[in-house]
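Chemist: model the following, please.
(one chain, ligands or ions: 1)
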Amino acid sequence: MARTNMTLRKAACFALVLLLLAGCARGGAPVVGISAGWDRGRIDVSDAYAVAVRAAGGVPVVLPPVLSFHEAVEALSHVDALILTGGEDVDPARYGEGIWNETVEVNYRRDTSDFLLARAALDAGLPILGICRGEQLMNVVLGGTLYQDLPTQYTTQKTSVNGTASAIKHRQSEPDGVGTHMIYLEPDSRLREILGADSLMVNSFHHQAVKEPGAGVRVVARAADGVVEAWEYDGIVCVQFHPELLYARGGDTTFLPIFQDLVHRAR
Ligand code: MN
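Modeler: Numbering: from 1, shown residues only. You can find the predicted model right below:
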C-alpha cells in the first residue's frame with residue numbers, strides 16, 4: 001500500500017512539473033494562429049508561414065477552417081496573434097459586386113471561415129498580420145473594396161508613385177522566394193520602421209488588390225504603378241506580397257521583422 005502511495009505521489013509530482021513547464025512555454029513564446037484553407041477534404045496551408053513564425057520566436061499553430069462565430073472565438077482564445085494567409089479570391093459579393101470575369105476564383109467555405117476569424121480577432125483586439133488574400137480580406141472586413149482582376153481593371157488607372165507608369169507583372173512566373181518588383185514605403189509608417197528601408201524588392205502572386213481602402217485603413221506601400229502593396233490599421237499590418245516565402249524559400253531575412261513585430265505585439 002505504501003509503495004502504491006509513493007508511486008501515486010511521484011506521478012502527481014511529475015504531472016505538476018509537466019504542467020509548470022507547459023505554463024512556462026505558454027508564457028514565454030507567443031502562439032500565432034495561422035488560418036488555413038480547405039481543399040477537397042484537406043486542410044491546406046503553406047508551411048512557409050510556420051517556418052517564418054518559428055524563426056521570429058513564435059509558436060505556429062494551424063487553425064483549421066471554422067464553421068461558426070462561436071468556434072472562431074473559441075479557437076482564437078488559444079492564440080496570441082493571427083495570420084490571415086494567402087489563397088483564393090474573396091467573393092466580390094462581400095463588397096457588393098458580382099463576379100467580374102472568369103479569372104475570379106472563390107472558395108466559399110474558406111471565405112466563411114476567414115471572415116469569422118477576422119471579425120472575432122478584431123473584436124478580441126488580437127494582433128493581426130494579413131498576407132495577400134488575408135490583406136485583401138481584412139480590407140473588405142473593414143468596409144473596403146478590391147480590384148477583382150488587375151490586368152483588365154487596373155490598366156485605366158493613371159496613378160504612379162515614382163513617375164513611371166510602366167506595367168508591372170503582379171503575377172510573377174519566377175520562383176516564389178524571389179523578389180520581382182519594387183514597393184515604396186510611406187515615411188512614418190510602422191512598416192517603414194519595421195523594415196528600415198524606403199523601398200524594397202518583393203515577390204508578387206496576385207491578380208487582385210485593394211481598390212477603396214476600408215475605414216481607418218492607411219495605405220503605407222505601393223508598387224511603381226500605384227497598386228497597393230501594404231496597409232496598416234490600429235495594430236494590424238497587412239501586406240500584398242509574401243514575406244514568408246521570401247524568407248522560407250528565398251532565405252531573405254529582410255522581411256523577417258514583419259513576423260518578429262507580430263510576435264512582439266503578441267506578448
Ligand atoms: Mn505586387
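Chemist: I'd say residue 32 and residue 266 touch.
Modeler: Yes: Residue 32 is in contact with residue 266 according to Cβ atoms under 8 Å; the separation is 6.6 Å. Using the backbone N, CA and C atoms, a C-beta is placed for each residue, glycine as well.
Chemist: number of residues surrounding whichever residue of the chain sits closest to the ion?
Modeler: Residue nearest to the ion within the chain (Cβ to the ion): residue 204, separated by 3.3 Å. Residues lying near residue 204 (other Cβ atoms under 10 Å) number 23.
Chemist: same question, residue 189
Modeler: Residue 189 has 18 neighbours, counted by other Cβ under 10 Å.
Chemist: what's it in contact with, if anything?
Modeler: When contacts are counted by Cβ atoms under 8 Å, 6 or more residues apart in numbering, residue 189 is found next to 218, 220-221, 232.
Chemist: who does residue 218 form a beta bridge with?
Modeler: residue 232 (DSSP bridges).
Chemist: follow-up on the earlier one: weed out the non-buried ones from the contacts of residue 189.
Modeler: Among the contacts of residue 189, those classed as buried by 16 or more other Cβ atoms under 10 Å are 220-221, 232.
Chemist: these two touch, right, residue 115 and residue 138?
Modeler: No: when contacts are counted by Cβ under 8 Å, residue 115 is not listed as touching residue 138 (10.0 Å).
Chemist: which one's more surrounded, those two?
Modeler: Remark: of residue 115 and residue 138, residue 138 carries more neighbours, 28 against 18, as counted by other Cβ under 10 Å.
Chemist: what does stretch 104-114 rub up against?
Modeler: 35, 37-38, 65-67, 72, 84, 87-92, 94, 99, 133-134, 137, 148-149.
Chemist: ugh, typo on my part, it should be stretch 254-263
Modeler: Here stretch 254-263 makes contact (Cβ under 8 Å, 6+ apart) with 29-30, 32, 52-53, 55-58, 81, 83, 127, 129, 190-191, 194-197, 200, 237, 239, 243-244, 246-247.
Chemist: give me the pLDDT for the spatially closest residue to residue 68 that is not a sequence neighbour.
Modeler: Excluding its sequence neighbours, the residue lying closest to residue 68 (Cβ to Cβ, 6 or more residues apart in numbering) is residue 116, at 6.9 Å. Per-residue confidence at residue 116 stands at 98 (pLDDT).
Chemist: alright, calling it a day.
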